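Novice: build the 3D model from these lines:
(one chain, ligands or ions: 2)
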Amino acid sequence: MNKNSKIYIAGHRGLVGSALLENLQQKGYTNIVTRTHKELDLTNQSKVAEFFKSEEPEYVFLAAAKVGGIVANNVYRGDFIYANMMIQNNVIHQSYKHNVKKLLFLGSTCIYPKNAPQPMKEDYLLTDTLEYTNEPYAIAKIAGIKMCESYNLQYGTNFISVMPTNLYGPNDNFDLEKSHVLPALIRKIHLAKLLHENQYDEVLSDTGFSSIEEAKTYLSSFGVSDSGVEIWGSGKPRREFLWSKDMADACVFIMENRDFKDTFSEGSKEIRNTHINIGTGEDISIKELAETIKTIIGFEGELHYNTNKPDGTLRKLTDVSKLKALGWTYKMNLENGIKEMYDWYRNK
Ligand SMILES: NC(=O)C1=CN([C@@H]2O[C@H](COP(=O)(O)OP(=O)(O)OC[C@H]3O[C@@H](n4cnc5c(N)ncnc54)[C@H](OP(=O)(O)O)[C@@H]3O)[C@@H](O)[C@H]2O)C=CC1
Ligand SMILES: C[C@H]1O[C@H](OP(=O)(O)OP(=O)(O)OC[C@H]2O[C@@H](n3cnc4c(=O)[nH]c(N)nc43)[C@H](O)[C@@H]2O)[C@@H](O)[C@@H](O)C1=O
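Specialist: Ligands and ions are numbered 1, 2, ... in the order given. Modelled structure (predicted):
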């Protein structure tokens, strides 16, 4: 990529897309193309074709997807498989049709088997059964990896797939039902603290209700009260968290330094598992995460574990040796990241 190459970021207002936009701008890239979801629905095949015909981007970051936490994935199973397959099929296929020089497809580490050995290497893909709660989303992501690989092998395209661990950062989704654990716990614990301190104006402005009784009823349906906060599951699962700006930096690094042809040895008969894991290689339990957030926010109430909610995969620690060997490693430690995210949330 050179500094005036035409770069399309799909999903530029999301958690990763917004960090990608910032990273590219900071590095001096000047010719970035974006469309909001409203301006261009990426599930619409003919609109996506029209967009590629009129813009002819040279590089594509595919960070648009239907994304959500464990419960959203489990409940809206049809939406997750449909939207993700449509978005990636349209963007990857049009990138091929319009001779895009390089595309980066974002998958997820939920593509690996539920009981994969830890840490999870790229080669563990398709070796066993997936976690049930996010099977439709994971199947869509696996199809995306295989589509990139297959187009590269058949048509000579240069499409690379990266598998990020759980991400967090500015512009995350804080919806109490659909978000991931880290933003959900920041918001729930923050609101419980506000209730405990009778800071009702702030509770109303956060939740959008006009009466505190309504706000309390709504929050209690998510296990949030002035004395405690519900944590889904047993607290035992372990997760690895990567700051979204580190994720964006890794994506730009890979886009700048890696081609599909670098991902396999010449003469290989079967070319597969060419994707690259992106993570920190370190994980913590949900209980430890909840306690850390509680301390950072300064809430003194109880944390209750609701085992009627799913735990999901017990552990999904990424093996990041491939990424490290390329020369990239993360910068933000988890505690500082949570502090920055909490500041961002309060000031947004
Ligand atoms: N967040 C995480 O922990 C992880 C994310 N990933 C992957 O990283 C990528 C980015 O995720 P993240 O930034 O968290 O997601 P977000 O939900 O924050 O952002 C997704 C973006 O995609 C856009 N989008 C969704 N549907 C459409 C559509 N039909 N047409 C056009 N735009 C659409 C959204 O626009 P709008 O908001 O307007 O709908 C939004 O800008 C995804 O591929 C995701 O699967 C992988 C592992 C972990
Ligand atoms: C990125 C990743 O995200 C999803 O998988 P997940 O890692 O299970 O994501 P999660 O962040 O929602 O949960 C992590 C853990 O945390 C527990 N947990 C506690 N309390 C809350 C809570 O309040 N909200 C949420 N969401 N989880 C909670 C929860 O029960 C689970 O044990 C998939 O979509 C998957 O497809 C994917 O790619």
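Novice: alpha carbons only for contacts and neighbour counts from here, please
Specialist: OK.
Novice: close to ligand 1: what parts of the stretch 1-150 of the chain are there?
Specialist: Applying CA under 6 Å from any ligand atom, one finds that the stretch 1-150 of the chain approaches ligand 1 through 11-17, 37, 40-43, 63-67, 106-108.
Novice: the residues you listed also near ligand 2: which ones?
Specialist: Filtering those for proximity to ligand 2 (criterion: CA under 6 Å from any ligand atom) leaves residue 108.
Novice: which residues of the stretch 201-348 of the chain lie near ligand 2?
Specialist: For the stretch 201-348 of the chain, the residues in contact with ligand 2 under the definition CA under 6 Å from any ligand atom are 231-233, 237, 286, 310-312.
Novice: what about the strands in the chain?
Specialist: Listed from the start of the chain, the chain has strands (DSSP state E) covering 7-10, 32-33, 59-62, 102-106, 159-164, 166-168, 228-232, 238-239, 241-243, 276-278, 284-285, 302-306.
Novice: so which residue is dead centre in the protein?
Specialist: Relative to the mean C-alpha position of the chain, the nearest C-alpha, by CA atoms, centre = their mean, is the one of residue 167, at 5.1 Å.
Novice: report the beta-bridge partners for it.
Specialist: Going by DSSP bridges, residue 167 is paired in beta bridges with residue 242.
Novice: touching, it and residue 246? I think so.
Specialist: No: taking CA atoms under 8 Å as the definition, residue 167 is not a contact partner of residue 246, at 9.4 Å.
Novice: without its sequence neighbours, what residue ends up closest to residue 275?
Specialist: Spatial nearest neighbour of residue 275, chain neighbours left out: residue 161 (4.8 Å); criterion: CA to CA, 6 or more residues apart in numbering.
Novice: so that neighbour sits right up against residue 109, yeah?
Specialist: No: with the criterion set as CA under 8 Å, residue 161 and residue 109 do not qualify as a contacting pair; they are 11.5 Å apart.
Novice: what ranges does the stretch 201-348 of the chain have for its helices?
Specialist: When secondary structure is read from DSSP state H, counting those that start in this stretch, the stretch 201-348 of the chain shows helices at 212-220, 244-257, 286-297, 321-326, 334-347.
Novice: hey, which of these is tucked in deepest?
Specialist: Across those, averaging neighbours per residue (mean count of other CA atoms under 10 Å) puts helix 244-257 on top, at a mean of 20.
Novice: for that helix, packing partners?
Specialist: Counting contacts by 3 or more CA pairs under 8 Å, 6 or more residues apart in numbering; DSSP states H and E, helix 244-257 packs against helix 15-26, strand 102-106, strand 166-168.
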